[in-house]
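In: no sequence on hand, only this structure:
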């Protein structure tokens, strides 16, 4: 049992908690086909230790400026397997859940990318999440539902870092939620610690972006990946130790590339590619194709072609893939995906690449363009390098 | 967990006779159809065999225990077996705990993955698993396990296990859930091992089997004491124990390791031979069954033997043209896969055993036949009623895979005949389409000549076996 009364211990735990947020983003599970319920599933799932709300999008300014961003909220329940001590629960200072938020913004005209993060415990209302009405927040960053008179409920986001950058957006989903499925990665839908996942793949966004002195009225499209899962404390600890050693987001022996791509024909692709960090083994792509009417289908490894053709090397020598071909022959999809700016590496407490990409190619035999967001996790030096 | 190999189920083999010179000249020979002669078996102790079966790791690579715990649910009480030792007692029947020489704790597969199954919600050791899903992409599973592995020594063990499954994954995907890819699985493993040293190679050393899996239904273990040879085409000749331990070819990387497993496998064989079929759990009309006996003995016993106080079993392999069932499995074994015969007979496994398939199919003993649906060697017929009335066999059928969904009138699984292709992949994979290569439900039309009353009586009699 942790002794939460010691400040030092709390600090260490918070650092560890920060690191463990990697786990939820990475460790694959069977994507649940469980029915979703709203607004409950916008909100937190206290019976699962780890959870995230990850928004990413492409925004256009009035003068055709292009921006990419991501805003992620991550929840970690600090809940050992043993029952909690009553005095911990009763203290206003007690840490029961820890939240981390990460905001990345890229000016695609200049190629400049910055990332920021906040970390807070839930105590004293500094951070938290609730289902009805939905809201997740860390300090003054938040995502929430709101309803203006006479209109459907919508989402709005806010993140800001001093005078450097701020983003406020209103989002309306153009399609129902997608539950990627039918291609289990591990276990079964009812297996222990199975991941629950849904995505809102195409939300129409409008709002204001401030970068320094410049104020941009922006509009575009935003994608939400929403997931929650449980994990044992032992596993969380092992993940933390690995992350502490390396400084990189990691998923055990596996690197994961996640593609969230929006095509101008109204389709979206959510693709995952697992591959071993050491380059051996069989890379395993899988994914989901969402059609214009919101219907979708799972894509197995046999239905997907995924190859990388270029690399980008960060200042410390980390080598990330930087151009891909993604094809779904059965749907006539053959796409080239390239970063909209090469350096979109998040270099906060943990490091990974998370940035805007451009898409071009064909869908059902017709030329198509698009854009999206890619996260590259599990790169960087390993502990024994 | 569905990544576990079957054990006693190698097929698709034809006989090579080495001529003993440096330059090995091999002649592909086959067994004839007709009676199968008995072969000498080593003695064993059934009790010691059961203990080894459920406690020993004969598959010696697997998932690090720490990773397994992250995704596996605690086992349901009905999936636990008695007399399991240590951590095995906490694992479901199909998994075995193993600690490597380096002290890494693993969860490994065992024989019961394919040779135990639930019937009417009750686990029956020895009943062939007819619900496993070989349609899935195994590589996706084994690779994703790596996300749960952090320790370096565990990572090495995970990688060893994952590499093997990755190597054979393309050769073991079936078109429908419920049929087994055991034959291709074993042949693919052979292709990656040196027959002399048993050393593993991530690259195949001989041409792997076809990627089109010829499906097989897993026969029950309690039949095996009657049979003189293993497998549908009778290709498993000689000592049966080395055949039974071929699941170890996933991980056993040296002759020494294989010898160690072989040292106790006659006991496992003795346990398997000691198994009796379960009692039919529903009502039997004894009078009607007794009416069915003479009909059975007149129509079926010539090939399948007689049952009761003085049983007999003729150990017969019928020619393909005689039995008329889907020929692909026996044709493939006798015409297309000589290299695997050569591998087997040169290997440690071939020291006491020989591979010699026949161009035909074994007429199996019918003990406990009511429990072993679906029928024929490829599991293409859902019930005994339709087996005995070939015009009524469904061409495309699907079942729930719920072990309580048994039809005690038709003796088999309740099924539907879907007419549209379901969108959902899992739904689609449940459909058994008999028009696929190797999936045909043709042949064995011996029941067609029975009158409806005779058929009904024979079905009642079959409940008593």
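Out: Yep, it's here. If you're wondering where the values come from, they're calculated on a predicted model, not measured in any experiment.
In: quick one, what contacts whichever residue of the stretch 251-385 of chain A sits closest to chain B?
Out: Nearest residue of the stretch 251-385 of chain A to chain B: residue A:253, at 3.8 Å (CB to the nearest CB). Placement of C-beta: from N, CA and C, glycine included. By CB atoms under 8 Å, 6 or more residues apart in numbering or on different chains, the residues touching residue A:253 are A:276, A:277, A:278, B:146, B:147, B:149, B:155, B:158, B:159.
In: give me the nearest residue to the second one, chain neighbours excluded.
Out: Taking CB to CB, 6 or more residues apart in numbering or on different chains as the measure, residue A:277 lies nearest to residue A:255, with 5.0 Å between them; neighbours along the chain are not counted.
In: that neighbour: what secondary structure?
Out: Secondary structure, DSSP: H, G, I helix; E, B strand; the rest coil: residue A:255 is strand.
In: who does it form a beta bridge with?
Out: Judged by DSSP bridges, the bridge partners of residue A:255 are residue A:275.
In: what about it, how many neighbours?
Out: 28 (other CB atoms under 10 Å in any protein chain shown).
In: residues contacting residue 102?
Out: Going with chain A. Contacts for residue A:102 were tallied using CB under 8 Å, 6+ apart; they are A:70, A:71, A:72, A:74, A:115, A:116, A:117, A:346, A:348.
In: hmm, I had chain B in mind actually
Out: residue B:153.
In: do the one 3 residues further on as well
Out: Taking CB under 8 Å, 6+ apart, we find residue B:105 in contact with B:64, B:65, B:66, B:87, B:97, B:98, B:99.
In: which member of the residues you listed is positioned nearest residue B:442?
Out: For the contacts of residue B:105, the closest approach to residue B:442 (CB to CB) belongs to residue B:98, at 43.7 Å.
In: right, and the closest one touches residue B:109 too?
Out: No - if you go by CB atoms under 8 Å, residue B:98 and residue B:109 don't touch, sitting 10.3 Å apart.
In: neighbour-wise, which of those two wins?
Out: Taking neighbours as other CB under 10 Å, residue B:98 and residue B:109 compare with residue B:109 leading, 27 against 24.
In: how far away is the more buried one from chain A?
Out: Remark: distance between residue B:109 and chain A (CB to the nearest CB, to the nearest Å) = 16 Å.
In: distance of that residue from residue B:165?
Out: 10 Å (CB to CB, to the nearest Å).
In: quick one, what contacts the residue nearest to the spatial centre of chain A?
Out: In chain A, the centroid-proximal residue (CA atoms, centre = their mean) is residue A:54; its distance is 3.8 Å. With contact taken as CB under 8 Å, 6+ apart, residue A:54 is in contact with A:25, A:70, A:71, A:72, A:73, A:224, A:225, A:226, A:227.
In: how about 10 Å then?
Out: A:24-25, A:70-74, A:102, A:199, A:223-227, A:258, A:260, A:354, A:373, A:375 (CB atoms under 10 Å, 6 or more residues apart in numbering or on different chains).
In: for residue B:138, same thing?
Out: A:282, B:2, B:3, B:162, B:165, B:166, B:168, B:169, B:170, B:172, B:173, B:181.
In: and what of residue A:272?
Out: A:28, A:31, A:180, A:183, A:185, A:256-259, A:284-288, A:299, A:304, A:306, A:375, B:140, B:144.
In: which of those residues fall in helices?
Out: Judged by DSSP state H, the subset of these located in helices is B:140, B:144.
In: which of the contacts of residue A:272 are buried? Put it as a PyMOL command.
Out: Burial among these is assessed by 16 or more other CB atoms under 10 Å in any protein chain shown; the matching PyMOL selection reads:
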select buried, (chain A and resi 28+31+180+183+185+256+257+258+259+284+285+286+287+288+299+304+306+375) or (chain B and resi 140+144)
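In: out of the contacts of residue A:272, which sit inside strands?
Out: A:256, A:257, A:258, A:259, A:284, A:285, A:286, A:287, A:288, A:299, A:306, A:375 (DSSP state E).
In: surely the last one touches residue A:56?
Out: In other words, residue A:375. Yes - counting by CB atoms under 10 Å, residue A:56 is a contact partner of residue A:375 at 8.2 Å.
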